[in-house]
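# Could you work out the structure for the sequence below:
(2 chains)
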Amino acid sequence: DAKTTQPTSMDCAEGRAANLPCNHSTISGNEYVYWYRQIHSQGPQYIIHGLKNNETNEMASLIITEDRKSSTLILPHATLRDTAVYYCIVRSGAGSYQLTFGKGTKLSVIP
Amino acid sequence: DTGVSQDPRHKITKRGQNVTFRCDPISEHNRLYWYRQTLGQGPEFLTYFQNEAQLEKSRLLSDRFSAERPKGSFSTLEIQRTEQGDSAMYLCASSRLGEKLFFGSGTQLSVL
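Numbers count the residues shown, from 1 in each chain, chains lettered A, B, ... in the order given. Just a heads-up that it's a prediction; the model follows:
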């Protein structure tokens, strides 16, 4: 699976949009971009995933660039409960069982 | 669904002792995974099962580690002769074939 690069940490004001970037320049055509987050003392939680098109669900939006070499996770109205480590993962669409986590981005939502 | 359940949440043991953790996956999920997470790092894959078959083991899984999933339901992860380096959070996850993983809250192991 392709390697991803994320900033170590970011701050966001409560109520504002949080935009978390991820670079995956070696992504191949059948690899999906997945986002998980991990709140302190809990297991990772699935947020969203996409292949080519932008995706939106009740938690977030995922914007993937046209060349698919980078993506941005958007939390539209960040709350204090969104403070967590956010992991961007590239995963083969062929039912790959492994998720290769990096160190992720520590997002701190500030009151 | 009731989520992935792990037991115990915390385990403190002395070096050299054996420990066993249990994971109960979401009932209709045929895949079950074990990950390990040390402080400041992301989770690392250890092994996974499809139904009762253990299909892959990471090189991180030394011969002191063994995992089972009898009857394709719950799973156990046993660590024999624990070492201080085994101190970590042990995470279990489950999924349907090819779908997103649901993680439990983990078992925090401290080896003294």
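
# residues near residue 11, how many?
In the absence of a named chain, this looks at chain A. Around residue A:11 there are 12 other residues, counting by other C-beta atoms under 10 Å in any protein chain shown. C-beta: built from backbone N, CA, C; applies to glycine.

# that answer is for a different chain, and I need it for chain B
Residues near residue B:11, counting by other C-beta under 10 Å: 18.

# In this structure it contacts residue B:107, no?
Yes: counting by C-beta atoms under 8 Å, residue B:107 is a contact partner of residue B:11 at 6.0 Å.

# Residue ranges in chain B under the pLDDT threshold?
Chain B contains residues with pLDDT under 70 at B:1.

# Where do the strands of the chain begin and end?
All of this refers to chain A. A:9-13, A:18-23, A:31-38, A:45-50, A:55-56, A:61-64, A:70-75, A:84-92, A:105-110 (DSSP state E).

# let's do chain B instead
Under DSSP E, chain B gives strands at B:5-7, B:10-13, B:19-24, B:31-37, B:44-50, B:53-57, B:65-68, B:75-79, B:88-95, B:102-103, B:107-111.

# Output the ones you listed in a markdown table; the columns should cover distance to chain A.
Converted to a markdown table, the strands of chain B look like this (distance: least, C-beta to the nearest C-beta, whole Å):
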| stretch | distance to chain A |
| --- | --- |
| strand B:5-7 | 8 |
| strand B:10-13 | 10 |
| strand B:19-24 | 11 |
| strand B:31-37 | 7 |
| strand B:44-50 | 5 |
| strand B:53-57 | 7 |
| strand B:65-68 | 14 |
| strand B:75-79 | 14 |
| strand B:88-95 | 5 |
| strand B:102-103 | 3 |
| strand B:107-111 | 8 |
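
# Take those and write them to JSON lines, including distance to residue A:41.
JSON lines is the format used below for the strands of chain B (distance: least, C-beta to C-beta, whole Å):
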{"stretch": "strand B:5-7", "distance to residue A:41": "12"}
{"stretch": "strand B:10-13", "distance to residue A:41": "10"}
{"stretch": "strand B:19-24", "distance to residue A:41": "16"}
{"stretch": "strand B:31-37", "distance to residue A:41": "11"}
{"stretch": "strand B:44-50", "distance to residue A:41": "18"}
{"stretch": "strand B:53-57", "distance to residue A:41": "27"}
{"stretch": "strand B:65-68", "distance to residue A:41": "23"}
{"stretch": "strand B:75-79", "distance to residue A:41": "19"}
{"stretch": "strand B:88-95", "distance to residue A:41": "9"}
{"stretch": "strand B:102-103", "distance to residue A:41": "12"}
{"stretch": "strand B:107-111", "distance to residue A:41": "8"}
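
# which residue is nearest the centroid of chain A?
residue A:35 (3.5 Å; C-alpha atoms, centre = their mean).

# oh, I was asking about chain B
Centre-most residue of chain B, counting by C-alpha atoms, centre = their mean: residue B:34, 3.6 Å.

# who's in contact with that one?
B:23, B:46, B:47, B:48, B:67, B:75, B:77, B:90, B:91, B:92 (C-beta atoms under 8 Å, 6 or more residues apart in numbering or on different chains).

# Please apply the same query to residue B:44.
A:101, B:35, B:36, B:37, B:58, B:60.

# Let's see if you can find the most crowded of the residues you listed.
Going by other C-beta under 10 Å, residue B:35 tops the contacts of residue B:44 with 27 neighbours.

# The lowest-mean-pLDDT helix or strand in chain A near chain B anywhere?
Here the helix or strand of chain A ranked lowest by mean pLDDT, DSSP states H and E is strand A:84-92, holding a mean of 92. Yes: residues of strand A:84-92 are located near chain B by C-beta under 8 Å from any C-beta of the partner chain, namely A:85, A:87.
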